[in-house]
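[1] Have a look; sequence and predicted model below, questions after that.
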Amino acid sequence: MYLASVGPLRTPLRRVPGNVVALGIVSLVTDVSAEMVTAILPLYLVFGLGLNPLQFGLLDGLYAGATAVLRLVGGHVADRWRRLKTVAGVGYALSAISKLGFLAAGSTVPAIGAVLAIDRAGKGIRTAPRDALISLSSDPSTMGRSFGVHRALDTIGAFLGPLVAALVLWASLNDYNSVFVTSFALATCGVILLTAFVRDQSPPAPSARGLPMLSLLRDPNFRRCCLWAAALGLFTITDSFVYLAVQRRWDISTSLFPLLPLGTAGTFLLLAIPLGRLGDRVGRWRVFIGGHLALVVALLLVCGPVGAWWLVLALHGLFYAATDGVLPAAVGPLLPENFRASGLAVLQTGQALARMAAAVTVGLLWTLSDLRPALLVFTLALLVITIAAAVFKPLEVRR
Amino acid sequence: MRRRVLAAIGVLALVGGAITYVAYAREGRPAENAVPVVTGQPMRFDGKTLFFRNLADGPDSGKLAAVPIADPGAARRVGELRCDRFAAAHGTAICLRLKAGSLPAMTDMIVLDANLRERHREALPGTPSRARVSPDGRFVNWTLFVTGDSYAATGFSTRTGLYEVDTGRLVKTIEELAVFVDGKRYFASDVNYWGITFADDGNRFYVTMASKGKTYLIEADYRAYRGTAIAENVECPSLSPDGRRIAYKQKVSNGVWRLAVLDLATRRITHPPDSRPVDDQPVWQGNNTLLYPLRNSDNTLDLWSVGLTTPAKLLIPQATSPSFA
């Protein structure tokens, strides 16, 4: 096929590169696979295996930290070997295999922990090379749109996952193994689609020796981006706190509570592409800053006397649409092509670690006082940092 | 082109394989019961029956089953009622049943009368964990596992609630209970409750409260709606009919518990002669014998009984959630 063999569709206007669409579809299929397992995991542990689920919560923080470190490794190795697609593929394949691991692990708690760890490891490894591929496959002037398309497709997968899981449970008369087998099949489809339809981008060989990540941080523009992203992350309130606060403020019934994230995801899905394009036109850093202002407004609504829960969720979704894909789109062009995966890994790991610290801090503040004062303190700090990041913006983020 | 064809074949093979697996899982259920089962017999409370959840392989797995207390080895009678947790006392029963196809999970809490007819139903978020009826039959209570409740996004927590059968008053969670630890009112955002057991006065109850890595036994007054921590490391309490002792699961290590009995007057803790790992709220048969499920080699549960000082014996294989009625 002509198109597949010459590489990404680079129609100058209006169109999104074929490679980006292909990566988006790989993410969609993979996210269906991942979210179906996430949706049934509590049921499976308690019902399928008869385990006491309270022994699982502790492992979670550990995994988040390990994922962050593996993201750096994935980015570094992908750049070093100049094999973005291969490293991303290894990450996708690890997560696929882990789905079969659930069948093998049975009810052994450490084995289930190991299976979950392999799944997260795969996610950690693939993120940076995948975002580097999106970045390198796109024209710098429309990179916001490319990331928007990818994140929108990704979110569709997250929406479909629980529905597919419910369908499989219904069709198999509540057989959990069927869900894992289906999830494995879909994840493997994702790997096949990646192999067959995504073209690798081979940037020029890296010239630097040692740790290129450190030399990247010597660049003042990139350093500022990382610092601001981390500083904002330090005061970004974790999703579950937002939902808990919304539930308390508007006294939302506990049976509707698990549906609140759908409000955020729905807005994210609708706005990811328009806001990515807006970033291409008026400047991605501006949109990134605007997204954080939306979060500030959302949180003030939660604390204040006016507003409605759906407005908070819409603003929360807007925050994600204006930041999640927009940040790598803003920073990608600053990085040399041969260090793009490493650079994006550093950026996103810093942000992720800062957000983890934020979760712990809010939890602590909440325990010491109450949810509302904790939220208010955080929101005001976020506002200050957001204004600072708008004033002292990275020098060369023009777009 | 060749690459696309290969990819298409691969995707079709995987999707086809998954569909085949699902279809096989649907058809591959055993058609016959692995143990003798009697159907069509009336099931009601007569004070001489032991009810439990049947776990033996077959079409009646997961159904409520009954045997005479005097002859627990008899063929189990089953009806049509399916419950994941069941408990009964004084003409009232509670049946917790996971709602099919609900993601995130929802549980039907069903209140039944002495003829196992439905009196009331509530849909509650979570998966069934514990269920009990107060000795006077006026309260049913339950514990469900819920997710997404804690700030560690994938963390689990428990939600314990109760329902006044006579008045229809529903308490979805007892987290508002005013609790005192070491004489001081206890406040924390991470409080979890599980496993209520009522005294026969229909007012005093015991429950486990967990917070900041510790578990407390709370003695509570329902009308005053306040409770006091009277001991630590007591989970899933079960008050003996004479009100003198509490049987419970005592933590040995992370994820492992054993059976223990606390004498409320002397605060002395004894261990019935069975040290195998147990993870349930024990049930009293009289004031000297305990019933509890233990995991078997099929990775299901068997129902065991043990005296406070006499050795354990297998009561009913492939069974859990026992109740005398």
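    Received it, and whenever you're ready, just let me know what you need. Residues are numbered from 1 along each chain as shown, chains lettered A, B, ... in the order given.

[2] Only C-alpha atoms from now on, for both contacts and neighbour counts.
    Will do.

[3] Which stretches in the stretch 51-200 of chain A count as helices?
    A:59-81, A:84-105, A:109-137, A:143-171, A:176-197 (DSSP state H, counting those that start in this stretch).

[4] a markdown table for these, including distance to B:Phe51?
    Listed next are the helices of the stretch 51-200 of chain A as a markdown table, based on distance: least, C-alpha to C-alpha, whole Å:
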| stretch | distance to B:Phe51 |
| --- | --- |
| helix A:59-81 | 38 |
| helix A:84-105 | 33 |
| helix A:109-137 | 31 |
| helix A:143-171 | 29 |
| helix A:176-197 | 28 |
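
[5] Where do the strands of the stretch 101-250 of chain B begin and end?
    For the stretch 101-250 of chain B, strands defined by DSSP state E, counting those that start in this stretch occupy the ranges B:106-112, B:118-125, B:127-133, B:139-147, B:156-164, B:170-171, B:178-181, B:184-185, B:192-198, B:204-211, B:214-221, B:226-232, B:235-239, B:245-253.

[6] got JSON lines for these, with mean pLDDT and distance to A:Ala66 too?
    JSON lines is the format used below for the strands of the stretch 101-250 of chain B (pLDDT from 0 to 100; distance: least, C-alpha to C-alpha, whole Å):
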{"stretch": "strand B:106-112", "mean pLDDT": "95", "distance to A:Ala66": "33"}
{"stretch": "strand B:118-125", "mean pLDDT": "94", "distance to A:Ala66": "32"}
{"stretch": "strand B:127-133", "mean pLDDT": "94", "distance to A:Ala66": "30"}
{"stretch": "strand B:139-147", "mean pLDDT": "91", "distance to A:Ala66": "23"}
{"stretch": "strand B:156-164", "mean pLDDT": "90", "distance to A:Ala66": "21"}
{"stretch": "strand B:170-171", "mean pLDDT": "96", "distance to A:Ala66": "41"}
{"stretch": "strand B:178-181", "mean pLDDT": "96", "distance to A:Ala66": "37"}
{"stretch": "strand B:184-185", "mean pLDDT": "94", "distance to A:Ala66": "39"}
{"stretch": "strand B:192-198", "mean pLDDT": "95", "distance to A:Ala66": "28"}
{"stretch": "strand B:204-211", "mean pLDDT": "95", "distance to A:Ala66": "27"}
{"stretch": "strand B:214-221", "mean pLDDT": "96", "distance to A:Ala66": "27"}
{"stretch": "strand B:226-232", "mean pLDDT": "96", "distance to A:Ala66": "34"}
{"stretch": "strand B:235-239", "mean pLDDT": "97", "distance to A:Ala66": "33"}
{"stretch": "strand B:245-253", "mean pLDDT": "94", "distance to A:Ala66": "25"}
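
[7] I'd like the helices of the stretch 51-200 of chain A as TSV, with distance to chain B appended.
    Formatted as TSV, the helices of the stretch 51-200 of chain A follow (distance: least, C-alpha to the nearest C-alpha, whole Å):
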stretch	distance to chain B
helix A:59-81	7
helix A:84-105	12
helix A:109-137	9
helix A:143-171	6
helix A:176-197	5
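
[8] Indicate which one of those is closest to A:Ala322.
    helix A:143-171 (9.1 Å; C-alpha to C-alpha).

[9] mind checking the SS state of the closest residue to A:Val164 other than its chain neighbours?
    Sequence neighbours aside, A:Met36 is the residue nearest to A:Val164 in space, at 6.6 Å (criterion: C-alpha to C-alpha, 6 or more residues apart in numbering or on different chains). The three-state label given to A:Met36 by DSSP: H, G, I helix; E, B strand; the rest coil is helix.

[10] Give me the neighbour count for A:Met36.
    26 (other C-alpha atoms under 10 Å in any protein chain shown).

[11] That one touches A:Gly157, doesn't it?
    No: contact criterion C-alpha atoms under 8 Å: A:Met36 and A:Gly157 do not qualify, at 9.8 Å.

[12] show me the contacts for the residue nearest to A:Val164.
    Contacts for A:Met36 were tallied using C-alpha atoms under 8 Å, 6 or more residues apart in numbering or on different chains; they are A:161-165, A:179, A:183.
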